[in-house]
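# take a look and give me a structure for this.
(chains A and B)
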Amino acid sequence: MERSTEGARKESLPETIPGTGGHKKARGNVTAASVVIWVVLVALGTLFALIAILIGLQARQLNFMSLPVGILFEAPLAAGIIALLWYGRTLRTATTARGVATDALAQSEANFRELVASAPDGIFTLNAKAIVLDVNEAGEALLGLGRKDIVGRSLMDFVPPNRLPTARAYLADRLKGLRASELYEAIFSAPSGNSLHVQLRSNVVRPADADPFLVYIVRDVTAQIEAQRKLLETERWVSMGRLASFVAHEINTPLTNISLLTASVARRTKDPEVLERLKKISTQGKIAANITAELLKFARPGSINPVETNLSEVVEAAVEQAEVFRKPATRLKTQLGVRPLIRPIDPLRIQEVVVNLLKNAYEATPEGTVTVRLEERGELAAIEVSDTGMGIPPEVMARLFEAFFTTKKKGEGTGLGLAISRNFVVSHGGDITISSEVNKGSTFTVLLPEEVPSAGQG
Amino acid sequence: MTNESAEGRKPGILVVDDDEGIRENIADLLSTEDYRVIVASNANEAMDRLAAEDVDLLLTDFQMPGRNGVELIEAARTTKKDLPAILMTAYLYVYEQIDEERRKAISLLRKPFDADEVLRLVAEGVRKNNGGLQ
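As a prediction, the model looks like this:
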């Protein structure tokens, strides 16, 4: 609010930005006005004094030296001298006082400038058309641009197109004096391509003799929002895990009973027709049992037992295990390198991950090539499974690791494969990354660190 | 296939599960082979049966009201050292959390299981017991 009144005192808008640059000129204007007044006063005073002196001298020359006449004519002279002295004194006192005031103002402005410059929030000064007039350091950092690349541009250049209408509406409302206390949530798209979640408050400054302008105080809350999202996701996974565990456990008992009863009946009959049907019941039971086993693996990946393992052995075992899923027109290439790549892993879990990735690759590649590559990437070991298959459309990509999400036909997948794989790799302290292009193929990369985090629980 | 021991009696299998279906169906299956089946629905009942009957192998569920399966196995072994035991559970982590030394002496039957697995593990346990190999 202080800033509003300060702004209102100042004459021209571009010179009165309450940011870093505008203050010196503003102070210059005030000084010039005062000096003019003082010069006029002093000139008038001096003129009056001179006239008084001249009149006094004239009176002497004309020999009007009788006492009353003398007093009459010398009085202006004395008055002139007194006036001159008085003006001089006042001028000196005033200058000193003004000097003190100027110093205080300069100090206050320096403090203010420093405050703005060092503020943790981005501070943008905009005109009514959203053109940036000034920005502080935090604002520059926020957008990842220098001052010269921000000032003069519209702030709307940094708003993603789909958010432009709401951003413009906010600015218009603010100029109308509305939404003053609102903490406005906005998205900025920095030129680096990063999307920033920001919260902003704004002040409208209305100088008496210039157009109004706005001060946006912008806080980057991207990290908080990301942390919040992760927390929610974790909570979601935990509750899904509980549900999966409950379902699996509850279903397992009747499944076991079906299996035991089927076996009991089979042992009591020799009728081939009955036996054949019992075999079918048993097969169905096994399908159901596999699903509950997947659910349990997802619900509780269990502890991992890391041992120093040659990764190429694990990959070779996985290749062999996944061979049944390879279609005749699909070629498999393996590039396992010459040097053994040793990592502390749970070989069974990582093998399962690679089998899973290979299985998916074969399914996406009815004909073409699937390549398994093993390589060192800095401190990480990378197991890369790439295919020349159909690729993954973006809408599927976004949900790829989501539990129970599947693109497979009913009965062909639980939608847990990748979720379980990711859980396994994450409990090794690693990660799975994906790149894909529709109709060109996909690459899944398992990255494993040199050390497993001490709490190896999944 | 016969499991009769040297004394010419049928090996006694104590089946403990709070689910009546599992209890009866396992009993039913085991009785198709030459086993004598004793059933109990919880750990306390199982301890009573152990005291009263000749038991060669303990087949128990993990999660039951009262003492759990692992606690039952340990209690049983205070009176009957080296009693072969099989733990049934749907949760692999339950088994993984038992320390390795104790785990060696307990076989795992993961639910859902099928008849062949039960028969194989039971036969294995009884054979080891008779041969004194555990």
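# residues from the stretch 201-350 of chain A in reach of chain B?
Residues of the stretch 201-350 of chain A found near chain B (Cβ under 8 Å from any Cβ of the partner chain) are A:245, A:248-249, A:252-257, A:259-264, A:267-268, A:282, A:285-286, A:288-289, A:292, A:296, A:300, A:302-303. No exception for glycine: its C-beta is placed from N, CA and C like everyone else's.
# of these, buried ones?
Using 16 or more other Cβ atoms under 10 Å in any protein chain shown as the burial test, these include A:245, A:248-249, A:252-253, A:255-257, A:259-264, A:282, A:285, A:288-289, A:292, A:296, A:300, A:302-303 as buried.
# now, those residues that are in helices?
Judged by DSSP state H, these include A:245, A:248-249, A:252-253, A:255-257, A:259-264, A:282, A:285, A:288-289, A:292, A:296 as members of helices.
# residues of stretch A:123-137 that come out buried?
By neighbour count with 16+ other Cβ under 10 Å, stretch A:123-137 contains the buried residues A:123-127, A:130-137.
# I should have written stretch B:73-89 there, sorry.
B:73, B:75-76, B:83-89.
# make JSON lines from these and add distance to chain A to it.
Listed next are these as JSON lines, based on distance: Cβ to the nearest Cβ, whole Å:
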{"residue": "B:73", "distance to chain A": "20"}
{"residue": "B:75", "distance to chain A": "24"}
{"residue": "B:76", "distance to chain A": "23"}
{"residue": "B:83", "distance to chain A": "23"}
{"residue": "B:84", "distance to chain A": "20"}
{"residue": "B:85", "distance to chain A": "18"}
{"residue": "B:86", "distance to chain A": "14"}
{"residue": "B:87", "distance to chain A": "14"}
{"residue": "B:88", "distance to chain A": "8"}
{"residue": "B:89", "distance to chain A": "9"}
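# which stretches of chain B form helices?
Here chain B has its helices, by DSSP H, at B:20-32, B:43-52, B:69-79, B:92-97, B:100-104, B:115-131.
# how far does stretch B:122-131 sit from the chain's center?
11 Å (Cα atoms, centre = their mean, to the nearest Å).
# right, and chain B sits closest to which residue of the stretch 251-400 of chain A?
residue A:263 (2.9 Å; Cβ to the nearest Cβ).
# find the residue closest to that residue in space, skipping its chain neighbours.
Closest residue to residue A:263 apart from its sequence neighbours, by Cβ to Cβ, 6 or more residues apart in numbering or on different chains: residue B:115 at 2.9 Å.
# now do residue A:145
For residue A:145, ignoring the flanking residues on the chain, the nearest one in space by Cβ to Cβ, 6+ apart is residue A:191 at 6.3 Å.
# tell me the SS of that neighbour?
Following DSSP: H, G, I helix; E, B strand; the rest coil, residue A:191 is assigned to coil.
# give me the nearest residue to residue A:156, chain neighbours excluded.
In space, residue A:156 is closest to residue A:130, 5.1 Å off (Cβ to Cβ, 6+ apart).
# wait, what's in contact with that neighbour?
By Cβ atoms under 8 Å, 6 or more residues apart in numbering or on different chains, the contact set of residue A:130 is A:154-156, A:168, A:171.
# that one and chain B, how far apart?
The gap separating residue A:130 from chain B is 58 Å, by Cβ to the nearest Cβ, to the nearest Å.
# and what of residue A:107?
According to Cβ to the nearest Cβ, residue A:107 and chain B sit 67 Å apart.
# low-confidence ranges in the stretch 1-150 of chain A?
Along the stretch 1-150 of chain A, the parts satisfying pLDDT under 70 run over A:1-35, A:49, A:52-53, A:55-81, A:83, A:87, A:94.
# let's go with 80 and repeat that
Applying pLDDT under 80 to the stretch 1-150 of chain A flags the ranges A:1-100.
# so what's the residue of it found nearest chain B up against?
Closest approach of the stretch 1-150 of chain A to chain B (Cβ to the nearest Cβ) occurs at residue A:120, with a separation of 45.5 Å. Neighbour list for residue A:120: A:138, A:219 [criterion: Cβ under 8 Å, 6+ apart].
# need the phi and psi values for it.
phi -70, psi -20 (degrees, to the nearest 10).
# and the nearest residue to residue B:84 once chain neighbours are set aside, how close does it get to residue B:56?
With sequence-adjacent residues excluded and distances taken as Cβ to Cβ, 6+ apart, residue B:84 is closest to residue B:125, at 3.6 Å. Distance, residue B:125 to residue B:56, by Cβ to Cβ, to the nearest Å: 8 Å.
# mind checking the end-to-end distance for stretch A:389-397?
Length of stretch A:389-397, first residue to last, Cα to Cα, to the nearest Å: 15 Å.
# contact partners of it?
A:361, A:364-366, A:368, A:370, A:400, A:407, A:434, A:436-442.
# return a PyMOL selection command for the buried portion of those residues.
PyMOL command restricting these to the buried ones, with burial defined by 16+ other Cβ under 10 Å:
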select buried, chain A and resi 361+364+365+368+370+400+436+441+442
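# now, which of the contacts of stretch A:389-397 lie within strands?
Counting by DSSP state E, those place A:368, A:370, A:434, A:436-437, A:441-442 in strands.
# okay, the residues you listed in TSV with distance to residue B:97 and pLDDT next?
Shown next, in TSV, are the ones in strands among the contacts of stretch A:389-397 (distance: Cβ to Cβ, whole Å; pLDDT from 0 to 100):
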residue	distance to residue B:97	pLDDT
A:368	45	93
A:370	38	95
A:434	34	92
A:436	39	91
A:437	44	91
A:441	42	92
A:442	38	93
